[in-house]
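# any chance you could fold what I've pasted below:
(3 chains)
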Amino acid sequence: MAEYILSIENLSKSFEGSQVFNDVGFALTEGELSSIIGPNGAGKTTLFNLITGYHVPDGGKIMFRGKNIAGKEPYEIVRLGIARAFQRTNIFPRMSVLDNVVTTIISAQRRSLNLVRPFSNMKRVHARAYELLDSVGLADMAARQSGTLAHGNQKRLDIAVALALEPKLLLLDEPTAGMSPEERWQTVELVQRLWETLKVTMLFIEHDMDIVFGISQTVRVLCYKTLLAEGTPREISANQQVIEAYLGEEV
Amino acid sequence: MTEQTPAKNVNRIAAAVVVVALFVLPFVLSQMGRTGEYWIWVTTEMLIMGLFALSLNLILGYGGMVSFGHAAFFGVGAYTVALLMKKAGAPLVLALTAAPIAAAIVAAVVGWFCVRLIGLYFAILTLAFGQLLYMIVFQWYTFTGGDDGIHGIPRPEFLGPANFYLFCLILFLACIFVMRMIVNSPFGLTIRTIRENMERAKFIGINVRRYQWYNFIIAGAFAGLAGGLFTELNRFAQTEFLHWSRSAEPILASLVGGMYSLIGPAVGSAVLIFLKIVLQQLHPGLVETWAIILGLVLLAVVLFAPDGLVGIFQKAFGKSGDASS
Amino acid sequence: MTKEYYIFMFVNGLSQGMLLFIIASGLSLVFGVLRVINFAHGSLYMIGAFLAYSLSTVLTQGTLWSFLLTLLLIPPAVAVVGLFLEVTLFRRVYREEHLLQLLLTYALVLILDDVVRVIWGGDPRNVARPEVLGGAVDFMGMALPTYNVFILFLGPVIALGLWYLLHKTRAGSIIRAAVSFPDTLGALGVNVSWVMTATFMLGCWLAGVGGVLMASLANIDLGIGMEKIIECFAVVVIGGLGSVGGALLGSLIIGVGVSYFQLPLGRWALVFPYLVMALVLIWRPWGLFGKPER
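Numbers count the residues shown, from 1 in each chain, chains lettered A, B, ... in the order given. Have a look, this model is predicted:
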């Protein structure tokens, strides 16, 4: 069990009487890059919301590095080492690109309660922020008001913000949503490069099967309240159940 | 921003000129007899109410939390000074130290409830708790004097009108210095982060409620100091200090002066007090309808200039509206 | 105190609660459709009460027909004030931030409360009850004021009327649709801004009914608007916004609670709504009928 960074057991959740998950369970190996697919409404984002504490599960366990995090507050879960980037861009719009990252680093270092020192003088925090912006290709836009960035760049900033938390596990909710084909592959390359350099465990939701089968080590299929299948891209694309239930319409 | 831009230097020089002028002012005015004395009183009130407006803006402008009960903390500070000086015979310095502490304690209790709710509900609760404190002061006759208030609060002899003005000015500048420090600190950045996107703030590891609570307490403490000074200026405290309509003044001052600037609300507050005096000169009856006028100005600002006068100014001169200064 | 006294206070509290429900349901309805919480709702209720007083001065006091005439004329008058406010002010801020909406209605409280002060002054007033409702009815050997009993029955009548309007009429189904699917309604060819105006007027009408009833129940003065809006907020915190059942239960809890607390606490009983609010917030910050959200 020790090699699992995250293991989900018997997870269930319903909203206003309609069940979204029934007895879902799987485990992530430390350091893997894997994906979650499934038809619209299968609860992929809800799964992320449950893992990160936005929703409280009705039942089941979410074990992260040996601790049950089910029902904890989002900020507590972040501090334990799970960060997420959002499907819809979700940044601090009227702050500069740089300050978006700076405030996150300060929070990650638990220095937010400092009332005395000007944050603009925190040299190492700023150096680190530039480093992160550089890694997602936004260093030359650091002074821009972040709300004025183009959509693709806002999503990159969202990823930089998540990385600033130095997570052990990074959840990416459709990192390429709303992007042009060219931007998509740039982002995929970025994700792959970050994974290789940072050695962080990554789990992403994606609709584009080329991307999913192109970069993931493991693919999991969510369908009709349960985990339908999990395996390597090759196994999944050959799985009869998956083809019938989901891939069939597209492949 | 770490680089020294020319605009920043201009701002610094302008600030220095204003500060020097504020220090010289009472010496000029005291040469002008009774009119001068009146204006010393008015400018002292402007400083105090300016501090009150600045305190609210820590939560309103920087924190994005609309509080309709801020006068409660002003009132707690006012009554702390009044009770300590009149009933316990405490010296002014002690009373003025106790005022922000008492206000902070009350703000901690009230805030603990209020920050559990966001937006709309937060505003509702602040109004309700403000009204509750008003009712307590109103009803608790034996302790607070109820409707009569507390009169005849002593003033140390060396604090004549001009000296009291200078005393308030020094405290005012000290408070601005501290607030500026807070606003530019990691805490200030965190508060703005929450204002910008509360949900996202949780996902970068910020305990949103806790920080909003701290901010609420800090704002309450500054309001308490302002209330204490106001009691000492008037030499009385009365229930009207806590009335809900009092909470409107710093809101309006912040809107008029600009919510996203550090000193804008103080400027807005001075403008409002000046407006009140002008109205009084025009026709004494107009001041009777002060709340209507406040309301109309508030309506106009909300409908036509939601960024405040400073916002208009900044738009005209192409500056950004962010709250770092 | 005797058992009779407790029953008396209970019935008294229930009728206070019904009055509160009439007003709070207006606030809740407006919020449901317009998504604006109208801080000035209490002021409109107060205007209703003072208008009722003014009308009573020109009518023969204490007759049934003057009471009915007041009940017939004043609430629509308040609704007309609402019409004016909605068309000139509220309509401009529906798409704005919450902050601006809050400040707008807050500005209205400042203005309306002071207008009432300028017109009617600060002295307490009241309107004589009509003779038919002026006496007492015998209930289990106790004399209950007929007027309170009347309100006690009028509350459910209005609640039923609202329910019928919302669930059995076409206008009602449009209003309910406006609550649930504000975006699609326009696409179906419904004039959404008209729906909003009508709802706002209905909410103001309810505030006006509350005002008229209050004018003959107790003294009216400049504080009643603020007092009632905060009670409405307490109701909302207890019952959650938009839940009619929650509003009814919340109103009755507040009404009965204030009534009972009057015995040991006197004027301090007014603290009761705050106490309930505080307790609910500790126990269930999302309201008794609401759902937890994060």
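# any idea how far A:Pro93 lies from chain C?
13 Å (C-beta to the nearest C-beta, to the nearest Å). Bear in mind the C-beta positions are built from the backbone N, C-alpha and C, glycine included.
# that residue: which element?
If you go by DSSP states H and E, A:Pro93 is not part of any helix or strand.
# next, it: phi, psi?
The phi and psi values for A:Pro93, taken as degrees, to the nearest 10, are phi -60, psi -40.
# quick check: residues of chain B near chain C?
B:64, B:66, B:68, B:113, B:116-117, B:119-121, B:123-125, B:127-129, B:131-132, B:135-136, B:139, B:244-245, B:248, B:251, B:255, B:288-292, B:294-296, B:298-299, B:302-303, B:306 (C-beta under 8 Å from any C-beta of the partner chain).
# buried subset of the residues you listed as a ChimeraX selection?
A single ChimeraX command selects the buried members of the residues of chain B next to chain C (16 or more other C-beta atoms under 10 Å in any protein chain shown):
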select /B:64,66,68,113,116,117,119,120,121,123,124,125,127,128,129,131,132,135,136,139,244,245,248,251,255,289,290,291,292,294,295,298,299,302,303,306
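# in helices, which of the residues of chain B next to chain C appear?
Among these, the members found in helices (DSSP state H) are B:113, B:119-121, B:123-125, B:127-129, B:131-132, B:135-136, B:139, B:248, B:251, B:255, B:288, B:290-292, B:294-296, B:298-299, B:302-303.
# how about the contacts made by C:Ala247?
By C-beta atoms under 8 Å, 6 or more residues apart in numbering or on different chains, the contact set of C:Ala247 is C:Phe21, C:Ala24, C:Ser25, C:Ser28, C:Val235, C:Val236, C:Gly239.
# just the residues you listed that are near chain B?
C:Val236.
# pull out the buried residues from the contacts of C:Ala247.
In the contacts of C:Ala247, the ones that pass as buried (16+ other C-beta under 10 Å) are C:Phe21, C:Ala24, C:Ser25, C:Ser28, C:Val235, C:Val236, C:Gly239.
# closest one of the residues you listed to C:Thr169?
Comparing the buried ones among the contacts of C:Ala247 against C:Thr169 with C-beta to C-beta places C:Ser25 closest, at 16.7 Å.
# so that closest one sits in a helix?
Yes: assessed by DSSP: H, G, I helix; E, B strand; the rest coil, C:Ser25 belongs to a helix.
# is it in contact with C:Leu206, as I believe?
Yes: with contact defined as C-beta atoms under 8 Å, C:Ser25 reaches C:Leu206; the gap is 6.1 Å.
# show me the strands in the chain, by range?
Here I'm looking at chain A. With DSSP state E, the ranges of strands along chain A come out as A:4-15, A:18-29, A:33-37, A:59-64, A:67-68, A:82-85, A:169-173, A:201-205, A:218-223, A:226-231.
# nope, chain C please
C:136-139, C:142-145.
# so which of the ones you listed comes closest to chain B?
If you check each of those against chain B by C-beta to the nearest C-beta, strand C:142-145 wins as the nearest, at 26.4 Å.
# returning to that earlier point: single out the most deeply packed of the strands of chain C.
Highest mean neighbour count of the strands of chain C: strand C:142-145, a mean of 16 (counted as mean count of other C-beta atoms under 10 Å in any protein chain shown).
# each with direction, which strands does it pair with?
The pairing partners recorded for strand C:142-145 under DSSP bridges are strand C:136-139 (antiparallel).
# export the strand it pairs with to CSV, keeping only CA atoms.
Taking C-alpha atoms only, strand C:136-139 is exported to CSV below (Å, rounded to 0.1, in the frame of the first residue of the first chain):
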residue,chain,number,x,y,z
ALA,C,136,-62.2,40.2,22.9
VAL,C,137,-63.1,36.6,22.1
ASP,C,138,-63.6,33.9,24.6
PHE,C,139,-61.1,31.1,24.3
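# what sits up against that strand?
C:Ile7, C:Val11, C:Ala143, C:Leu144, C:Pro145, C:Thr146, C:Val149.
# and of the residues you listed, the nearest to A:Phe48?
C:Val11 (54.0 Å).
# could you measure the residue nearest to the closest one when sequence neighbours are not counted against C:Leu154, distance?
Spatial nearest neighbour of C:Val11, chain neighbours left out: C:Leu144 (5.5 Å); criterion: C-beta to C-beta, 6 or more residues apart in numbering or on different chains. Distance of C:Leu144 to C:Leu154, computed by C-beta to C-beta, to the nearest Å: 15 Å.
# could you do B:Leu294 as well?
Separation of B:Leu294 from C:Leu154 (C-beta to C-beta): 37 Å.
# any chance of the buried ones among the contacts of C:Ala247 in CSV, with pLDDT too?
As requested, the buried ones among the contacts of C:Ala247 are arranged in CSV below (pLDDT from 0 to 100):
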residue, pLDDT
C:Phe21, 94
C:Ala24, 93
C:Ser25, 91
C:Ser28, 87
C:Val235, 88
C:Val236, 81
C:Gly239, 78
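# what's the spacing between stretch C:86-104 and its chain's center?
The chain centroid and the centroid of stretch C:86-104 are separated by 21 Å under C-alpha atoms, centre = their mean, to the nearest Å.
# what does that stretch rub up against?
For stretch C:86-104, using C-beta under 8 Å, 6+ apart, the contacting residues are B:64, B:66, B:119-120, B:123, B:251, B:255, B:298-299, B:302-303, B:306, C:34-37, C:39, C:108, C:193, C:196-197, C:200-201.
# try 6 Å this time
B:Val66, B:Gly119, B:Ala123, B:Val302, B:Pro306, C:Val36, C:Thr197, C:Phe200 (C-beta atoms under 6 Å, 6 or more residues apart in numbering or on different chains).
# buried residues in it?
Those would be C:Glu86, C:Leu89, C:Phe90, C:Val93, C:His98, C:Leu99, C:Leu100, C:Gln101, C:Leu102, C:Leu103, C:Leu104, for stretch C:86-104 by 16+ other C-beta under 10 Å.
# dump the residues you listed into a markdown table; add pLDDT and distance to A:Arg193 as well.
Output for the buried residues of stretch C:86-104, formatted as a markdown table (pLDDT from 0 to 100; distance: C-beta to C-beta, whole Å):
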| residue | pLDDT | distance to A:Arg193 |
| --- | --- | --- |
| C:Glu86 | 94 | 56 |
| C:Leu89 | 92 | 54 |
| C:Phe90 | 91 | 52 |
| C:Val93 | 86 | 47 |
| C:His98 | 77 | 41 |
| C:Leu99 | 77 | 42 |
| C:Leu100 | 83 | 44 |
| C:Gln101 | 87 | 46 |
| C:Leu102 | 85 | 46 |
| C:Leu103 | 87 | 48 |
| C:Leu104 | 92 | 50 |
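# could you identify the most distant pair in these?
C:Glu86 and C:Leu99, at 19.7 Å, using C-beta to C-beta across those.
# sorry, back to before: just the contacts of stretch C:86-104 now: which is nearest B:Asn163?
For these, the nearest to B:Asn163 is B:Val66 (37.5 Å; C-beta to C-beta).
# distance of the nearest residue to the closest one once chain neighbours are set aside from chain A?
In space, and not counting its chain neighbours, B:Val66 is closest to B:Ala123: 4.6 Å by C-beta to C-beta, 6+ apart. B:Ala123 is 21 Å from chain A, where distance means C-beta to the nearest C-beta.
# anything in stretch B:8-16 near chain A?
No: Stretch B:8-16 stays clear of chain A (C-beta under 6 Å from any C-beta of the partner chain), getting no nearer than 12.4 Å.
# keeping just the C-alphas, turn that stretch into PDB.
Output in PDB follows, covering the C-alpha atoms of stretch B:8-16 (Å, rounded to 0.1, in the frame of the first residue of the first chain):
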ATOM      1  CA  LYS B   8       5.700  58.000  -7.100                       C
ATOM      2  CA  ASN B   9       8.200  60.800  -6.300                       C
ATOM      3  CA  VAL B  10       5.600  63.400  -7.100                       C
ATOM      4  CA  ASN B  11       3.100  61.600  -4.800                       C
ATOM      5  CA  ARG B  12       5.700  61.600  -2.000                       C
ATOM      6  CA  ILE B  13       6.300  65.400  -2.400                       C
ATOM      7  CA  ALA B  14       2.600  66.000  -2.500                       C
ATOM      8  CA  ALA B  15       2.100  63.900   0.700                       C
ATOM      9  CA  ALA B  16       4.900  65.800   2.500                       C
END
